[in-house]
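> Turn this into a model:
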Amino acid sequence: MILNIETSTNVCSAAVTEGSQVLWAKRSENGNHAHDLPLFVQSLLQAAKEDNKKIDAVAVSQGPGSYTGLRIGVATAKGLCYGFDVPLLAIDTLQLLSASLLAQDPDISDSALLCPMLDARRMEVYTALYSLRLQAQTSVEAKIIDSDSFSRIPEDTTLVFFGNGSAKCKDVIQRKNALFIDNIIPDARYMGALAEQKLLNNEFADIAYFAPFYLKEFHATVSHKAQDVLGI
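This next block holds a predicted model:
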């Protein structure tokens, strides 16, 4: 039984899964992960306790995605692993996003390539290509989208675009076989099968040294008022 945590976007979700079966799940879309996630975890652990079940591992969405969201999710997951003395499982966020799509829209051509996109501001997205078996066909990258972004992919190949970065690309990507699917987010409910596979293969993250996969460095900005006060 695995406790799954997903905080890579403005949606916060957590779920307890057994294999691919979801036993209990919580989700919010208000972007307040620091407030919501501890409450979700407490509720899910209480449900497990009342059902005489114990957590065997904690899985967390590793990124890329929101810098702050990923930090909250990973810190919470690490604390739980230390407290319950269970392994940490790190799940690729774009692979999870693809799993979330397939769980909700299974009628996609077997020959299609999945192109999950997470918003990285302006016309940049975090993306990679996956097969319908969720096998990575390209490396994860921060990609600036223009009309030639996927020109190397044969035109007769259907590319399925989804995720919170795909909407801004609809008018830019000019492909005959481009399919855009809205309202798909990485969700902890669909993490179970990916997490269980890592658990069975003993693919554990190092609790002490594991860090989120940010892909890009975080650059904090200082307001004009603060600059005046600091004299910078």
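> From now on I want contacts and neighbour counts done on CA atoms only, so please keep to that.
OK.
> pull the helix or strand with minimum mean pLDDT from the protein.
Lowest on mean pLDDT, DSSP states H and E among the helices and strands of the chain sits helix 224-230, with a mean of 46.
> Assign residue 14 to helix, strand or coil.
What DSSP: H, G, I helix; E, B strand; the rest coil gives for residue 14 is strand.
> if you skip the residues just before and after it, what's nearest to it?
Closest residue to residue 14 apart from its sequence neighbours, by CA to CA, 6 or more residues apart in numbering: residue 5 at 4.6 Å.
> which stretches of the protein form strands?
Assigned by DSSP state E, the chain shows strands spanning 2-6, 12-18, 21-28, 57-63, 88-92, 113-119, 124-127, 141-144, 159-162, 178-181.
> can you put those in JSON lines and add mean pLDDT and distance to residue 203?
Converted to JSON lines, the strands of the chain look like this (pLDDT from 0 to 100; distance: least, CA to CA, whole Å):
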{"stretch": "strand 2-6", "mean pLDDT": "98", "distance to residue 203": "14"}
{"stretch": "strand 12-18", "mean pLDDT": "97", "distance to residue 203": "17"}
{"stretch": "strand 21-28", "mean pLDDT": "97", "distance to residue 203": "21"}
{"stretch": "strand 57-63", "mean pLDDT": "98", "distance to residue 203": "11"}
{"stretch": "strand 88-92", "mean pLDDT": "98", "distance to residue 203": "7"}
{"stretch": "strand 113-119", "mean pLDDT": "97", "distance to residue 203": "24"}
{"stretch": "strand 124-127", "mean pLDDT": "96", "distance to residue 203": "23"}
{"stretch": "strand 141-144", "mean pLDDT": "94", "distance to residue 203": "23"}
{"stretch": "strand 159-162", "mean pLDDT": "97", "distance to residue 203": "28"}
{"stretch": "strand 178-181", "mean pLDDT": "94", "distance to residue 203": "32"}
